[in-house]
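Undergrad: Give me coordinates for this.
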Amino acid sequence: MKDQHTGKTVSQISLFFIQIFATFAFSVLFSTLALFMTQHLKLHATAAAVITANFVAMNYAFRLFGGSISGKLFSHRGLLFYGIILQLFGCYLLSFVTLHYLYWGLPLIIAGSAINVVSINCAVNQLFEPEDITREKAFLWNYSGMNIGYFLGFIISGVFEIGGSYSHLFMLCAFFNVITLLILFTTWRTLRDRRSSFIKSPRGKRFLYRLVGFILVLISVFAIRFMIMNSNFSSFLILLVGVAMFIVICFFAFKQKEKQASRKMWAFLILAIANIVFWTLYMMTPSSIMLFIQHNVDRHFLNFLIPPQWMQTIVSFMIIIGGPVLATVFHKLRNKGYHISVPLQFSSALVLIGLGFMSLVAGIYFADSKGFININWIILCYILQSLGELFISPIGYSMIGQLIPQKLQSAMLGTWMMLTGFSAVIAGFFSKMIFHKAHSLSPLVTNPSFKDTFFTLSLSSLITGVIMFLLIRFLNKLIREEEDVKEEPMETTTLPH
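TA: Numbering: from 1, shown residues only. I've put the predicted structure just below:
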């Protein structure tokens, strides 16, 4: 038992650091891609916003693919290895800083990043039994590690952006993937699969599974490249797959033999809708908000022009600190007997990010005579956004183990992440609306479009958040075990999850 506990601890620590370094490349592109395309490749803001939105959307959408093969055609650690390799070569190709290599580097990074995130979260999830509430703490810590990677990526990309040294920046991304490989190899045995169908398969079949997996991964890279170069088709396809996955969730909810398992699947579906609303707002960040900060915000501080990427470090810093703090607070509250509600947390997240976008509307309203808004409005928006993210994102991953049957967890984890890609496509439509009619990036020209779009998104999130608040009691009954519902029919104390 002691050896198992030690192995579990070592695995969590290893995955924490793997998460940091594996996230770096995606964080750089998340914050820099739109700027790189407009400033270095000289693409129009509309084209840059669409490509960036598709990059983010496909990164999340292809996590459904990663969830479908992780633990089935590959072990979780084996698939993680191949994902890192894909990212490494993708970053190397981007270092040539031409449009041709952009269209080859991005598919490799998208496929690699999508595979990595699913593999890491599946590896964390398998360390815990379904009823083990300490899973939440592990995911909060792991999410904190992810945001350390984001923090480093935002800071470093801002430094390189000042000098326009994009080639060196992408080479550094490749080097971070080398470090990730070294950590993975060092703890390879500890990260072995524990309950996946792949590890339970006969050794003779594993080679065949891997071969099929290799072919599918290779096909996915070419498919992603085609989709990047055909943005309208890719957006339609992601939306179509998203709708299809909602139908699949409904199918599995009806198919469950146990009444409680069926109820949990329906709760999962409702929470997934709330998740889409939240991430639609959030995914405005890499394209629209990044260009908004670049052109519409007064970024001067003591004669120093703050790089746009550095503003996103506010979110990462809040989550790095807030993740462990929240995990500790939740642990203490549970020890005192408080029930912590997942639906209330999702509701709070929607209200927080809605208020964050409303602060941008206020900032535009109080803009100066040249159209520039005070940077404090951006800071307020990002603080509210980061708090909302803490209430929804890591617990969303943890929730899979609580609500979904073991055999469906990998696929539903991939579905959950894919729906974020669904949200990114919707965000891309809003971004395109902002820049489509603008013949100039002057804040006086673009501010009205930004204000209308931000207000629409904010209001939608706030309304959805209120609806979710009204559904809390109903969702709690769906999620809890039947005997727990009977014991606590008149619950009055519910705290954020």
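Undergrad: quick one: pLDDT of Thr493?
TA: What the model reports for Thr493 is a pLDDT of 32.
Undergrad: Buried residues of the helix or strand hosting Leu271, list them for me.
TA: With elements taken from DSSP states H and E, the one containing Leu271 is helix 259-282. Using 16 or more other CB atoms under 10 Å as the test for burial, helix 259-282 gives 261-272, 274-282. Placement of C-beta: from N, CA and C, glycine included.
Undergrad: And stretch 319-333, by the same measure?
TA: For stretch 319-333, by 16+ other CB under 10 Å, it's 319-320, 322-323, 326-327, 330.
Undergrad: Please work out the average pLDDT along the strand or helix carrying His100.
TA: Assessed by DSSP H and E, His100 sits inside helix 99-125. For helix 99-125, mean pLDDT rounds to 90.
Undergrad: Distance from whichever helix or strand comes after that helix to the middle of the chain?
TA: Counting by DSSP H and E, the next helix or strand C-terminal to helix 99-125 is helix 135-163. Centroid separation for helix 135-163 versus its chain: 12 Å, with CA atoms, centre = their mean, to the nearest Å.
Undergrad: With stretch 364-381 instead?
TA: Remark: stretch 364-381 is offset 27 Å from the chain centroid, using CA atoms, centre = their mean.
Undergrad: Same check on stretch 432-449?
TA: With CA atoms, centre = their mean as the basis, stretch 432-449 stands 28 Å off its chain's centre.
Undergrad: Give me the contacts around it.
TA: Stretch 432-449 is touched from outside by 44-46, 49-50, 53, 288, 291-292, 295-296, 364, 367, 370-373, 450, 453, with contacts defined as CB atoms under 8 Å, 6 or more residues apart in numbering.
Undergrad: Quick check: ChimeraX command selecting the buried ones in those residues.
TA: The buried residues among the contacts of stretch 432-449 can be selected in ChimeraX (16+ other CB under 10 Å) with this line:
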select :45,46,49,50,53,288,291,292,295,296,364,367,371,372,373,450,453
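Undergrad: any chance you could map the strands in the stretch 251-400 of the chain?
TA: Taking DSSP state E, counting those that start in this stretch as the test, the strands found in the stretch 251-400 of the chain are 297-298, 300-301, 304-305, 340-341, 373-374.
Undergrad: what mean pLDDT would you report for the last one?
TA: Think strand 373-374. Across strand 373-374, pLDDT averages out at 93.
Undergrad: Same check on the third one?
TA: In this model, strand 304-305 has an average pLDDT of 82.
Undergrad: Which neighbours in the sheet does it have, and how are they oriented?
TA: If you go by DSSP bridges, strand 304-305 pairs up with strand 300-301 (antiparallel).
Undergrad: Was I right to think Met399 contacts Gln345?
TA: No. Between Met399 and Gln345 there is no contact under CB atoms under 8 Å: 9.6 Å.
Undergrad: which of those two has more neighbours?
TA: With neighbours defined as other CB atoms under 10 Å, Met399 and Gln345 compare such that Met399 has more, 27 against 24.
Undergrad: Give me the average confidence score over whichever strand or helix holds Leu88.
TA: Using DSSP H and E, Leu88 maps to helix 76-94. Mean pLDDT, helix 76-94: 94.
Undergrad: for it, packing partners?
TA: Secondary structure elements in contact with helix 76-94, counted by 3 or more CB pairs under 8 Å, 6 or more residues apart in numbering; DSSP states H and E, are helix 2-35, helix 63-69, helix 99-125, helix 166-186, helix 203-229.
Undergrad: change it to 6 Å
TA: Where contact means 3 or more CB pairs under 6 Å, 6 or more residues apart in numbering; DSSP states H and E, helix 76-94 is packed against helix 99-125, helix 166-186.
Undergrad: Next, the buried residues of that helix.
TA: Neighbour-count burial for helix 76-94, with 16+ other CB under 10 Å as criterion, is recorded at 76-84, 86-94.
Undergrad: Check stretch 243-251 too.
TA: Going by neighbour count (16+ other CB under 10 Å), the buried part of stretch 243-251 is 245-246, 249.
Undergrad: May I see those residues arranged in a markdown table, with pLDDT, secondary structure and distance to Met412 as well?
TA: Formatted as a markdown table, the buried residues of stretch 243-251 follow (pLDDT from 0 to 100; DSSP: H, G, I helix; E, B strand; the rest coil; distance: CB to CB, whole Å):
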| residue | pLDDT | secondary structure | distance to Met412 |
| --- | --- | --- | --- |
| Met245 | 86 | helix | 9 |
| Phe246 | 88 | helix | 12 |
| Ile249 | 88 | helix | 8 |
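Undergrad: TSV for the residues you listed, including distance to Leu191?
TA: Shown next, in TSV, are the buried residues of stretch 243-251 (distance: CB to CB, whole Å):
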residue	distance to Leu191
Met245	28
Phe246	33
Ile249	30
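Undergrad: can you give me the angle the helix holding His100 makes with helix 135-163?
TA: Using axes from the mean of the first three to the mean of the last three CA atoms, to 10 degrees, the direction of helix 99-125 lies 160 degrees away from that of helix 135-163.
Undergrad: Which strands or helices does helix 99-125 pack on?
TA: Looks like helix 99-125 contacts helix 2-35, helix 45-61, helix 63-69, helix 76-94, helix 203-229 (3+ CB pairs under 6 Å, 6+ apart).
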